[in-house]
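Student: sequence? don't have it. structure:
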């Protein structure tokens, strides 16, 4: 018995309550979609729960665009339902504050390897084979008795399998034009009030055909495709990777790492505890540590909104520097971690990729496919790096400036903003 | 130095960061606007923080509509700024989950009078002279050093003062057509996806004039006014007082009361602790009590979304019953509280009032004012009562049915829904 | 081979080009949807063409809501397609400026009975059995070879047939909650910028079931239904029957009647000529008559936007007066027509009816239906009359005031606005 | 006495009725904004009238962003009002079907030089010094007694004057980021239903400063600027220069030229006649010529929507070909015109320019300006050419293919679409 859930983006989402009434899915109501973005865009309080429903809705439409004569039998209603379910559950393994927790894990790796391993162990994987929330998602799906969906998730996100059905699932769930993006671009635009992500997914879905080799579009869809990829680019540039937001995300990540290290934030010891390992736990850890001298800067930044001073490096400077840092990651973190989170540092790579998208052309009687990027009139740079540096106070700012001067011969003083 | 904050409802809200960068105002980021409404409308995760900014924005426009020759001197820029600030801070005293906490207090009154008094004492008032969050707001404004705003808040919400300036502030902050409603109707529509609250506040503001005696509108504004009042009525009927949401609000209220009673939820002992007395604290109390036999039903309802069976009484039946219950409130609660929250009960009164709104008519050369309600072509019933009854399981449902049969000779069995 | 047409209201409308690529349907691009409404809401330039596509789109969704076991066989795909086609073509017979032309015909009846009959004859009916555009529509459908749709149109709009299938078609095409209204309320809101008509048709369609006896809704749809009927009421009150617009509509109607009378506007002599009998023809007649003394006031009003002075009678006064006028319609028009359109008069009746809409209630095990209006908490007055009086100049205004004083003992001088 | 006009884009536009109640401005209600775009996007029926009001509204906000200490005195309220008025009247000289008439004039030049000169003479200019509608606008402003605005229009659109005030007016009325574009991108998106032009003009206006040397923006505005320029690019690519629309625009242009040549369309002999020289006149000419053998193809295409077969050349092929054609324009047109409009040809150049837009950068203590395009991460190709070829029937298609083969050695047969 399906029912409708009201959604401001898609109107009314039809879904069987049995799919959503389980504790792991309900838990997503307590994991915010965009980490600390609400510090700049106050209304971005939406959660992974709504986004998961939206992704399910879009994927339900996309499964009907799969066309290939020879596939017809294999691409059964049963397999369609699997794709829909994976769309619904694709974010089920997210830790509190979504990707911000993954930043925390990078820090924890150098701060406390045992605790780091504890997190990885929770996922049931022996080491971090791919991203935290996907590993966790697979574990939860198994726990929920959804073995087939767990297997499909593994194939879609990790395995290089070239099975035709898996390829199609991957296109719909985890590709450059997947249901995930078709939902979140609009949704994050809607909640932030930023106009960058307003696209026309209906038109994209109407014009697309999905084959195991990729998406195929007619030439008249080129403007829509460009519009979509630029929308994504601008949402990253101005919202997701907004420098003030990214500094807050790093401060939060450093806090989480230090709080785990000091056992102020208790890690879930099993899946039962994971059910309530949510944003609220992080907030409570912040409150608990509020008066501890080594933690008060986190509280005043993340709760009382005292801004860190911040510097932003971009372009080739960021790109070159990132190479050096990556090579000496361990030493670098050891230096930075000495400042106990009064100095934070992070990077972002604005990427745009248009793989697996083809335009169908006609030459006389012959029909052939070209890669979308060859058609593309508007050029988005293939990569764009940013390094974010935050310092709690003048003293910390001075230290990090001296460090950059000495270690990398880069003067970042002029970049620092109050 | 003012800056702009992006808001999906009003576009860009101009505000001085000094007004918002204080811990009591930032705390509102952690108090959800509509209690448990997100259990039915998942995307209603917006908070009192955004709504307060929006109210400030609307009030800023309304102060320019005040017209009265004799007032011009008294209604200074200084007083305008006071009204704007009160608009910004009008919700600053909200406890976790907003009005849901106020329901909890009603229950607590009969469950544990000492703890009840502890909450009232926190507000600095000796007894509950008016609503919880307004009393608390006054206290916080005093603590923040905003004595004048605290005084104005007291005058606006409580005192019967007929001072002209206070009247104007009351019209803008706390009347049937105030900045509060002009913001939240649109905002709650936007986040829920329900279309009922989409009005045209710009047109209302353009056509209104504010005098100490009330709002004055030209006849051509009648449709807009009707539209506004009906929007409010329908948002109440279908969102705020949605029966499933109201049951969740009561379950939450009973949980809060029992959790305070059993010291699972610790009340803030001073204003410093109030700064972090937020929604997260309630969630954590739920988690803590999860495995206690007398609390597990709250957890399974509020976190895992197991629905209570529910009955809804409406119309004259609800109206009459409410009278009886109110007369014997104490006994009634004593009976209900024996079920430890496995039976919850609550009421709502959908009211609509159009006081202080006049239409300016012409008769020949003469101009005179009529009350808006006399002009009103569309009639909304002056009151509409609802009683919500929730029961955790079949056994509780049976008990409450028997109680109603015996005590009030009302058979509610046919109303119960799974 | 179906294609998609972009539409701001419904997104992408799927339709077979064969259905729309015929001269009678393309002609609707040249018939404005709302008569002279653009004189007050400049952006209301949309036409019957877009609205017809939208109605088709909505009707396509509604045919899937028809439920009745015993009907299943009769309500074939073929009959569904007939309903969809009738939805598409329901306005095909509209004369220039839509309903404004129908006002013109009322005037023409008393001005020149021969010409009046000429218009009726064009429809192929011997006398005006029902509304002009429906009669014309039936004629055109026959001409287009769509005999079955023509027959269905006759049954739906005119015949009292109680055939089950016809009843269903009538509910979808011509009832208080038909596809027509579900399209135009939103569309006219969108183009005008007025917020009154923003409803949620998807929710209405999701919750409705269509039976030969009427629509059946669950109780939870009551707010949506109220919202829909109030939206309609307010769109009438503030847009369609806006007094300035209605005066322009009457001035245009009187112009058309006088222009036909004087052969300045040539009536189409056959269906071939009807293909190009569009808004443009009226404009050209206005231009042609521009310098004729008996027509210049029309030009200056309708093209140069010189406003008529206007009086508006409402409520019981309008209601009573209308009765008297209707009784003596002939004499009344003979008087008014002497002023050659320098005095215009018209009436509107804001009606709201909720026939054929039932709410499904449960009482214990039993299910029964109640009329929606009995459930309705919000009361819209069953009728509301308006009489619009326009006068080109002071002299005409004086004449009409004297006439009303003398004939009806009503002093309308205080109502007149410049 | 200002009043508000409802507008779906800007809400409520405040304007003095005296500015709009003149026949030349009211005439714009009868000139469609986007030529034949409604043949593909049926709802694009909006006119130059609404757009002019919108441009006025945006310009009114922009005049407040002008900053330069030394200018303060000169940039008086009086001059602001002049800019606002020019914004309102900037399109007042548009001929029927806006730019489509300008295409017609290009054709008329080679078809009938006398008639061509007649049109130019009407503008009061001795030869076509700049675009038709600007010349006509200046003439009309003089006729309306608005000499100062006429002078400013001449300076803004034509003169190379480097007067500071004129520069500012030019930036606001006729630049790459002017009030004109800030209105029409949104408006045309809204009416078409295409999502490409949804931008955030408020944020652009909030962040801009206007100096006589150009716009100055802070770095944080870069995403908004990119978004704006890409919105414009995509609206051109997918709406304004949509190949089906452009063919219809050319067919209309050829019809207008031939109809003038054959005196089926009578040119206005003076400004009085220009008042009613509107879209309706073109439609009536089409109807009049309907049965003439040399004109029936126009009627069947433009009224009955029989599509021309069409070929589209793009990229370097279009670019190179255009060079050749331009060099031999006269011969080329002489060849094409032999087909009496059964073959039509046209070109479009999608251009994007970001002149006069600077980003303000800081380097240590020093502030300096960089051109926006140097900052621009997303690259739009500086020009993109398209050549549109339309053929009424197979025979015409064959002829034009042979001509292209023979004359330019280009085989366009594979490009032709039914």
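Tutor: Okay, I see it. Computed from a prediction, not measured in an experiment: that's the story for all the values here.
Student: Show the model's pLDDT score for the residue of the stretch 201-350 of chain A found nearest chain C.
Tutor: Among the residues of the stretch 201-350 of chain A, residue A:202 lies nearest to chain C; the distance is 5.1 Å by C-beta to the nearest C-beta. Every residue, glycine included, has its C-beta placed from N, CA and C. pLDDT for residue A:202: 95.
Student: okay but it is in contact with residue C:14, surely?
Tutor: No: using C-beta atoms under 8 Å, residue A:202 makes no contact with residue C:14, being 11.1 Å away.
Student: Name the residue in the two with the higher neighbour count.
Tutor: The residue with more neighbours, out of residue A:202 and residue C:14, is residue A:202; 16 against 13, by other C-beta atoms under 10 Å in any protein chain shown.
Student: Now that one: closest residue in space that isn't a chain neighbour?
Tutor: Excluding the flanking residues, the one nearest residue A:202 by C-beta to C-beta, 6 or more residues apart in numbering or on different chains is residue C:11, at 5.1 Å.
Student: what pairs with the one you found across the strands?
Tutor: Under the criterion DSSP bridges, residue C:11 forms beta bridges with residue C:7.
Student: got the residues of chain A near chain C?
Tutor: Neighbours of chain C within chain A, by C-beta under 8 Å from any C-beta of the partner chain: A:4, A:11-12, A:200, A:202-203, A:206.
Student: Can you show me the strands along the stretch 251-400 of chain A?
Tutor: Ranges of strands in the stretch 251-400 of chain A, per DSSP state E, counting those that start in this stretch, are A:309-314, A:343-351, A:357-363, A:366-371, A:383-391.
Student: could you dump these to a markdown table with distance to chain D?
Tutor: Output for those, formatted as a markdown table (distance: least, C-beta to the nearest C-beta, whole Å):
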| stretch | distance to chain D |
| --- | --- |
| strand A:309-314 | 10 |
| strand A:343-351 | 9 |
| strand A:357-363 | 6 |
| strand A:366-371 | 9 |
| strand A:383-391 | 6 |
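Student: Give me whichever of these is most buried.
Tutor: A comparison of those by mean neighbour count, using mean count of other C-beta atoms under 10 Å in any protein chain shown, puts strand A:383-391 on top with a mean of 22.
Student: Surely residue A:282 and residue A:253 touch.
Tutor: No: the criterion here is C-beta under 8 Å, and residue A:282 misses it with residue A:253 at 10.6 Å.
Student: which element is the residue lying closest to residue A:411 once chain neighbours are set aside on?
Tutor: Closest residue to residue A:411 apart from its sequence neighbours, by C-beta to C-beta, 6+ apart: residue A:405 at 6.0 Å. Assigned by DSSP states H and E, residue A:405 belongs to helix A:394-408.
Student: Show me the contact partners of that helix.
Tutor: Applying C-beta atoms under 8 Å, 6 or more residues apart in numbering or on different chains, the contact partners of helix A:394-408 are A:309, A:321, A:324, A:335, A:339, A:342-343, A:345, A:389, A:391, A:410-413, A:416.
Student: just stretch A:317-332 next, same as before
Tutor: With contacts defined as C-beta under 8 Å, 6+ apart, stretch A:317-332 is touched by A:110, A:313, A:347, A:383, A:385-387, A:408, A:410.
Student: so which pair among the residues you listed is furthest apart in space?
Tutor: Greatest spacing in the contacts of stretch A:317-332, by C-beta to C-beta: A:110 and A:383 (25.3 Å).
Student: Can you name the residues of chain A that neighbour chain D?
Tutor: By the rule C-beta under 8 Å from any C-beta, the part of chain A lying against chain D is A:194-196, A:198-200, A:223-224, A:226-227, A:230, A:233-234, A:237-238, A:362-364, A:377-381, A:384, A:413-414.
Student: buried ones in stretch A:133-144?
Tutor: Buried residues in stretch A:133-144, counted by 16 or more other C-beta atoms under 10 Å in any protein chain shown: A:133-142, A:144.
Student: from the residues you listed, which is closest to residue A:157?
Tutor: residue A:134 (4.7 Å).
Student: Pretty sure the closest one sits in a helix.
Tutor: Yes: assessed with DSSP: H, G, I helix; E, B strand; the rest coil, residue A:134 lies in a helix.
Student: contacting residues around it?
Tutor: Residues near residue A:134 by C-beta under 8 Å, 6+ apart: A:93, A:153, A:157-158.
Student: what is the mean pLDDT for the biggest helix by length in chain A?
Tutor: Secondary structure of chain A per DSSP state H: the longest helix is helix A:243-261. Per-residue pLDDT over helix A:243-261 has a mean of 97.
Student: And the residue nearest to residue A:163 when sequence neighbours are not counted, how far from chain C?
Tutor: Spatially, and ignoring its direct neighbours in sequence, residue A:163 is nearest to residue A:155 (7.3 Å; C-beta to C-beta, 6+ apart). Distance from residue A:155 to chain C, counting by C-beta to the nearest C-beta, to the nearest Å: 33 Å.
Student: Follow the chain on from the strand or helix carrying residue A:155 and name the next helix or strand.
Tutor: Take DSSP H and E as the rule and residue A:155 turns out to sit in helix A:147-157. Note on helix A:147-157: by DSSP H and E, the next helix or strand toward the C-terminus is helix A:164-173.
Student: Show me what that following helix is packed against.
Tutor: helix A:48-62, helix A:77-89, helix A:147-157, helix A:179-192, strand A:209-211 (3 or more C-beta pairs under 8 Å, 6 or more residues apart in numbering or on different chains; DSSP states H and E).
Student: now the fourth one: how far from the chain's centre is it?
Tutor: Spelled out, it's helix A:179-192. Put simply, helix A:179-192 sits 12 Å off its chain's centre (C-alpha atoms, centre = their mean, to the nearest Å).
Student: Can you tell me which helices and strands that helix packs against?
Tutor: Using 3+ C-beta pairs under 8 Å, 6+ apart: helix A:179-192 touches helix A:48-62, helix A:164-173, helix A:201-207, helix A:222-235.
Student: same thing but at 6 Å, please
Tutor: Other elements packing on helix A:179-192 under the criterion 3 or more C-beta pairs under 6 Å, 6 or more residues apart in numbering or on different chains; DSSP states H and E are helix A:48-62, helix A:222-235.
Student: for chain A, where's the lowest mean pLDDT among helices and strands?
Tutor: Ranking every helix and strand in chain A by mean pLDDT, DSSP states H and E puts helix A:372-375 at the bottom, with a mean of 82.
Student: which non-adjacent residue is nearest residue A:79?
Tutor: residue A:165 (6.0 Å).
Student: what about residue A:115, which helix or strand?
Tutor: Using DSSP H and E, residue A:115 falls in helix A:113-122.
Student: Can you give me the buried ones in that helix?
Tutor: Quick answer for helix A:113-122 (16+ other C-beta under 10 Å): A:115-116, A:119-120, A:122.
Student: Which member of those residues is positioned nearest chain C?
Tutor: Among those, and counting by C-beta to the nearest C-beta, the member closest to chain C is residue A:122, at 41.2 Å.
Student: and residue A:2, what does it touch?
Tutor: By C-beta atoms under 6 Å, 6 or more residues apart in numbering or on different chains, the contact set of residue A:2 is A:14, A:16.
Student: how about it, phi and psi?
Tutor: Dihedral angles of residue A:2 (phi, psi; degrees, to the nearest 10) stand at phi -80, psi 150.
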